[in-house]
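Asker: pasted the sequence and its predicted model underneath.
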Amino acid sequence: MQYSKIPLAQTVVTLCKTHNIKHIIISPGSRNAPLTIGFTHDDFFECYSIVDERCAAFFALGIAQQTQEPTAVICTSGSALLNYYPAVSEAYYSRIPIVVISADRPKHLVDIGDGQTIKQKNVYGEHVFYSANLKLDLREETQKQPKDEVPIFKNLENKFEKLLGLQNGIQSQNETEIHQALHSAVINSGPVHINVPFDEPLYKRVDELTISPIPFKLPNTKESINAIEIEECAEIWSNSSKKLILVGVLQPNSIEAKWLNELSKDDSVIIMTETTSNLHHKDIFPSIDKLIAPLDEEGFKMLQPDVLLTLGGLIVSKKVKRFLRGYKPKYHWHIDEYNANDTFFILDRHIKLRPNTFFDVFLSGVNGNLKSKYKTYWLSIRQKRRDKHDKYLETISFSDFIVFDKLLKSIPDNSQLQVGNSSAIRYTQLFQLKNSVTVFCNRGTSGIDGSTSTAIGAALASEERVTFITGDLSFFYDSNALWNNYISNNFRIIVINNSGGGIFRILPGHKNTENFDTFFETKHHLNASNLSKMYGFEYIAVDEELALTNTLKTFYEVSNQPKLLEIFTPSQINDEILISYFEFIK
């Protein structure tokens with residue numbers, strides 16, 4: 001096995017192995033050569049080469065999203081690590097553990113006018129859970145005694161001993177910093193940054209390690225249950241006739257089915273779920289906007305809960321945010337082992353437990369005999385909305401709305417759906433998906449910038465087959481994601497091309513003006529055919545309903561290359577059809 005000759009590079013690679021970080025995404029560069037040498041010559045690591053650092057970081061995020069284990073991204077110095085920032089912020093707010101390892105110049109070479117030198121220390125600020133700024137090894141020649149040294153030169157002996165002691169101190173401090181960073185990525189389930197300075201020469205190799213890292217023992221971390229707090233919550237819960245559980249982004253199987261069954265027995269409880277919650281039960285309320293959008297003041301007051309209990313990550317639905325901010329519950333508790341967002345400006349308890357741990361303790365203390373018509377009434381409204389939804393589909397022409405209906409019904413059983421942000425996830429929220437389909441979307445910062453790269457990374461790490469649905473602007477924005485040698489043949493991309501940012505057409509503003517078309521909707525005449533050809537995708541294009549129906553019959557079949565389906569929809573009527581939908585289902 002070969003190693004970089006630089007002790008610091010050996011240390012970083014060895015400790016990543018100690019912490020069981022297997023997936024390493026490397027963007028080619030020179031200053032990170034010592035790290036590249038170390039990672040790529042050790043069979044323990046799965047190494048991937050992604051040229052575009054922004055794509056590389058989102059690709060890593062997709063892998064970590066699926067494995068729930070830290071994934072490392074390696075880059076050279078300078079602007080390279082700034083391109084990681086969008087994915088770092090997404091990882092921070094989505095609680096996904098990625099480890100940024102950036103090569104750096106020695107301190108004395110920064111701000112002297114050299115190329116690709118920036119101030120890299122703490123560059124990600126508060127968007128990482130730990131910043132390890134490592135120290136440069138002493139240069140090799142300063143540590144060696146001259147070959148012609150004789151014992152009388154005691155001052156040289158003393159100098160050597162001091163330098164050796166200094167290097168040992170540097171080594172110890174670097175090891176401690178690396179351990180802290182990698183441990184922090186795990187315990188916080190989020191991004192960390194390790195900045196690694198290297199001096200030239202960068203490419204020398206050795207066959208044996210020259211370091212002996214001190215073993216690092218992970219501290220025990222246990223959930224702490226506050227029995228008094230749980231008891232207080234259980235008493236309030238038992239005496240409240242209207243309880244709303246709202247569930248945001250969750251990993252599949254985050255909540256055991258027995259707790260959903262137990263909660264569903266309580267007629268004073270309704271459970272609203274977002275598509276990204278990956279929860280399924282016959283009595284829950286998916287498609288939140290479909291339920292609440294048509295409500296008037298009387299309806300909102302009837303829905304207004306006494307207690308709001310929230311689970312999971314960020315909420316997509318603006319309508320439910322507006323509802324709960326305007327019709328505030330008396331109590332809002334958030335259950336999450338990491339953090340709690342005061343999304344509705346009334347959060348009064350953050351219970352730092354996993355949902356399953358919480359329900360195990362909480363529900364045993366709840367008296368479920370309180371009579372209420374809360375759930376029964378809203379279940380009847382839910383059914384009326386569903387009936388109206390189906391009828392509306394019979395009345396409209398080919399549009400984004402029709403497309404999402406057909407696409408979501410076509411997703412293969414026991415597969416994964418990755419969804420782009422903006423219009424794509426908001427349309428997806430209006431439809432019921434198969435229970436066996438898991439759903440993911442970058443809802444940490446909700447940006448359009450890395451959705452394709454994330455989906456490709458997720459597809460590599462997942463045992464499920466993956467379909468990715470995205471809008472045209474998001475797809476073209478992240479088109480470098482296809483510059484990737486790790487895309488499987490069963491990966492499917494579906495691009496809804498409505499010639500611009502269609503979501504802006506449903507927001508307040510003056511539509512159909514040159515200013516709006518250029519600076520808001522961003523009209524274009526691009527298509528994905530040449531990109532598909534360049535990157536080896538089978539390309540299919542449709543622009544009407546029958547062609548889409550026929551295409552979907554064979555789209556998911558086994559193929560010799562990945563496929564991209566581009567669906568062209570009429571931009572001028574999509575917004576009208578969506579706005580009319582909420583009027584129709586009243």
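Answerer: Here it is on my side, so go on.
Asker: test my guess that Asp478 contacts Ile456.
Answerer: No. Under the criterion of C-beta atoms under 8 Å, Asp478 makes no contact with Ile456, lying 9.7 Å away. Backbone N, C-alpha and C define where each C-beta goes, glycine included.
Asker: more neighbours: which of these two?
Answerer: Ile456 (28 against 25; other C-beta atoms under 10 Å).
Asker: and the helix or strand harbouring the more buried one, what's its mean pLDDT?
Answerer: Per DSSP states H and E, Ile456 falls inside helix 451-461. Averaging pLDDT along helix 451-461 gives 97.
Asker: with stretch 204-217 instead?
Answerer: 88.
Asker: report the buried residues of it.
Answerer: Buried residues in stretch 204-217, counting neighbours by 16 or more other C-beta atoms under 10 Å, are found at Ile211, Pro213, Phe216.
Asker: where along the stretch 301-450 of the chain do the strands fall?
Answerer: 307-311, 331-335, 349-351, 416-419, 438-440 (DSSP state E, counting those that start in this stretch).
Asker: out of the ones you listed, which one sits most buried?
Answerer: strand 416-419 (a mean of 26; mean count of other C-beta atoms under 10 Å).
Asker: burial of the residue lying closest to Ser451 once chain neighbours are set aside, as a residue count?
Answerer: Once flanking residues are discounted, Ser451 sits nearest to Gly420: 4.1 Å by C-beta to C-beta, 6 or more residues apart in numbering. Neighbours of Gly420 under the rule other C-beta under 10 Å: 30.
Asker: for Gly420, give its distance to Ser474.
Answerer: Separation of Gly420 from Ser474 (C-beta to C-beta, to the nearest Å): 4 Å.
Asker: list residues touching both of those two?
Answerer: Ile448, Ser451, Thr452 (C-beta atoms under 8 Å, 6 or more residues apart in numbering).
Asker: give the contact list for the closest residue in space to Ile214 that isn't next to it in sequence.
Answerer: With C-beta to C-beta, 6+ apart as the criterion, Ile214 has its nearest non-adjacent residue at 6.2 Å, and that residue is Glu175. Going by C-beta under 8 Å, 6+ apart, Glu175 touches Thr11, Leu15, Pro213, Ile214, Phe216.
Asker: report the separation between Tyr338 and Ser224.
Answerer: The value you get for Tyr338 to Ser224, if C-beta to C-beta is used, is 14 Å.
Asker: same deal with Leu138?
Answerer: 44 Å.
Asker: so between those two, which is more surrounded?
Answerer: Higher neighbour count among Leu138 and Ser224: Leu138, with 16 against 7, using other C-beta under 10 Å.
Asker: pLDDT averaged over stretch 165-176 - what is it?
Answerer: 88.
Asker: any idea how far the residue lying closest to Ser453 once chain neighbours are set aside lies from Pro355?
Answerer: Spatial nearest neighbour of Ser453, excluding adjacent residues (C-beta to C-beta, 6+ apart): Phe58 at 3.5 Å. Using C-beta to C-beta, one obtains 27 Å as the distance from Phe58 to Pro355.
Asker: who has more neighbours, these two?
Answerer: More crowded of Phe58 and Pro355, by other C-beta under 10 Å: Phe58, with 34 against 21.
Asker: packing partners for the helix or strand harbouring the more buried one?
Answerer: Using DSSP H and E, Phe58 maps to helix 53-67. On a contact count with 3 or more C-beta pairs under 8 Å, 6 or more residues apart in numbering; DSSP states H and E, helix 53-67 meets strand 23-26, strand 71-75, helix 85-94, strand 98-104, helix 451-461.
Asker: and the closest residue to Ala87 other than its chain neighbours, how many neighbours?
Answerer: Distances taken as C-beta to C-beta, 6+ apart place Ala57 nearest to Ala87, at 3.4 Å, with adjacent residues excluded. Per other C-beta under 10 Å, the neighbour tally for Ala57 reads 32.
Asker: contact partners for Ala57?
Answerer: Ala57 touches Ile25, Val73, Asn83, Tyr84, Pro86, Ala87, Val88, Ile98, Val100, Gly450, Ser453, counting by C-beta under 8 Å, 6+ apart.
Asker: report the central residue of the chain.
Answerer: Geometric centre of the chain, nearest residue: Asn442, 4.5 Å, by C-alpha atoms, centre = their mean.
Asker: Ala424 is in contact with that one, correct?
Answerer: No. At 11.1 Å, Asn442 does not count as touching Ala424 under the criterion of C-beta under 8 Å.
Asker: Asn20 sits in which helix or strand?
Answerer: Asn20 belongs to no helix or strand, assigned by DSSP H and E.
Asker: what residues are up against the residue nearest to it when sequence neighbours are not counted?
Answerer: In this structure, Asn20 finds its nearest non-sequential neighbour in Glu69, 7.4 Å apart by C-beta to C-beta, 6+ apart. Shown in contact with Glu69 (C-beta under 8 Å, 6+ apart): Asn20, Ile21, Lys22, His23, Pro97.
Asker: care to break this protein down by domain?
Answerer: 3-206, 227-378, 396-584 (automatic domain parsing).
Asker: still on that earlier bit, quick one: the helix holding Phe58 to helix 85-94, angle?
Answerer: 30 degrees (axes from the mean of the first three to the mean of the last three C-alpha atoms, to 10 degrees).
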